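J.: attaching a predicted model along with its sequence, questions to come.
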Amino acid sequence: MDTTLPFFQRVYTLVKRVPVGYVTTYGEIAKAMGTKDARRVGHALHANTDATTVPCHRVVFSDGRLASGYVFGGPDEQKNRLELEGITFISSNKVDLSAQLYHFV
DNA sequence: CAAGTGACAATAA
DNA sequence: TTTATTGCCACTT
């Protein structure tokens, strides 16, 4: 079942490009691909759900908030994961994008 | 093939 | 400030 379209692979590659201690947003990824639809990026990540293949926990909303409902063990688990990566949280579920938002070169 | 749904983002009120 | 609506485009049914 090679339903894995190159588009999805593209998203995975971009997310994997994000270094530890940094985060990115769906909008940034979408723009980096030349599109405006951040939803597709979200779908691509949801289709994977494998943090070992793609660190989806580093991808957050444009507001810096974590994705809703993607939780793979609990919302607390996701936040804890980012903290271990070195991400600084401004609020309970909000990261400091102004300081740690990775910009695709 | 057509309609509905959605791990979002931007704008309006 | 928060909540609601619209737009975007792939994926599912």
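T.: Noted; the coordinates are in hand. These numbers were taken from a predicted model, which means no experiment stands behind them. Numbering: from 1, shown residues only, chains lettered A, B, ... in the order given.
J.: do stretch A:38-51 and DNA strand C meet at all?
T.: Yes - with Cβ under 7 Å from any atom of the strand as the threshold, stretch A:38-51 lies in contact with DNA strand C, specifically through A:38, A:39, A:40, A:43, A:47. Every residue, glycine included, has its C-beta placed from N, CA and C.
J.: want to try TSV for the residues you listed, with neighbour count and secondary structure as columns?
T.: Below are these laid out as TSV (neighbours: other Cβ atoms under 10 Å; DSSP: H, G, I helix; E, B strand; the rest coil):
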residue	neighbour count	secondary structure
A:38	18	helix
A:39	11	helix
A:40	17	helix
A:43	14	helix
A:47	15	helix
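J.: quick one, strands of chain A?
T.: Ranges of strands within chain A are A:24-25, A:59-60, A:89-91, A:94-95, based on DSSP state E.
J.: can you list the residues of chain A near DNA strand B?
T.: A:25-27, A:30, A:37-43, A:45-49, A:56, A:61-63, A:67-70, A:72.
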